[in-house]
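**Student:** build the 3D model from these lines:
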Amino acid sequence: MPAYDSLPYRPCVGLTVFNREGLVFIGRRSSGPEHIDATHIWQMPQGGIDASEDPYKAALRELHEETNIRSVEKLGEIAEWLAYDIPRDIAGQAWGGKYRGQKQKWFALRFTGKEKEIDIAHPAAGHDPEFIAWRWEPMKNLPALVVPFKRQTYERVVKEFGKFAKS
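**Tutor:** Next up, the predicted model:
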């Protein structure tokens, strides 16, 4: 594996999905060294951007692949990319050791469908489930629920998209 500091960031999208009440969709991760520890097991949907793929289209694709959600309207996006490093001790396990972390383009979406549309057990296009549970959560709680190395990113997302949340 190349030296940790020389590894690039994996280009990704992150999605803050609000329901009509202003609560945010979070999923409990099923596995993955870069995603969970014994305490911090929840996160918002996120995923990689394919080569030459538009970030917003990637966001819609990833959301559908992880949750089956298609009924959304765009509320906003964070202008710049947000990056985080994964801990050095798991860098060789996550993403085949090719990345030091992720740089993410974040989007805020309003879920406009019915909850029966959400199906994490049978993700779209035959993908393996990434979540084993989900719920709607007040936005202010999100940073404490995610693994510590993603916390700064989540704090920024809360700051930027708080205007769409339930007060």
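**Student:** okay, now the unreliable bits of this protein?
**Tutor:** Confidence mapping of the chain against pLDDT under 70 gives the ranges 1, 32-38, 167.
**Student:** let's go with 80 and repeat that
**Tutor:** 1-2, 4, 30-39, 90-97, 125, 166-167 (pLDDT under 80).
**Student:** could you dump the longest helix belonging to it to CSV, C-alpha only?
**Tutor:** Longest helix of the chain, by residue count under DSSP state H: helix 55-67. Extracted C-alpha coordinates of helix 55-67, given in CSV (Å, rounded to 0.1, in the frame of the first residue of the first chain):
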residue,chain,number,x,y,z
PRO,A,55,-22.4,14.6,-8.7
TYR,A,56,-26.2,15.3,-8.4
LYS,A,57,-27.0,12.3,-10.6
ALA,A,58,-24.7,10.2,-8.5
ALA,A,59,-26.5,11.4,-5.4
LEU,A,60,-29.9,10.3,-6.8
ARG,A,61,-28.4,7.0,-7.9
GLU,A,62,-26.8,6.3,-4.5
LEU,A,63,-29.9,7.2,-2.6
HIS,A,64,-32.0,4.8,-4.8
GLU,A,65,-29.4,2.0,-4.5
GLU,A,66,-29.3,2.3,-0.7
THR,A,67,-32.9,3.1,0.2
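**Student:** for V158, see how far away the closest residue to Q43 other than its chain neighbours is.
**Tutor:** With sequence-adjacent residues excluded and distances taken as Cβ to Cβ, 6 or more residues apart in numbering, Q43 is closest to V146, at 5.3 Å. Where C-beta positions appear, they are placed from N, C-alpha and C, glycine not excepted. In this view, V146 and V158 are 11 Å apart by Cβ to Cβ, to the nearest Å.
**Student:** now do stretch 129-139: everything it contacts.
**Tutor:** The contact list for stretch 129-139, computed with Cβ atoms under 8 Å, 6 or more residues apart in numbering, reads 16, 19, 21-30, 42, 66-67, 118, 120-123, 145, 158, 161-162, 165-166.
**Student:** quick one: buried ones out of these?
**Tutor:** 16, 22-29, 42, 66-67, 118, 120, 123, 145, 158, 161, 165 (16 or more other Cβ atoms under 10 Å).
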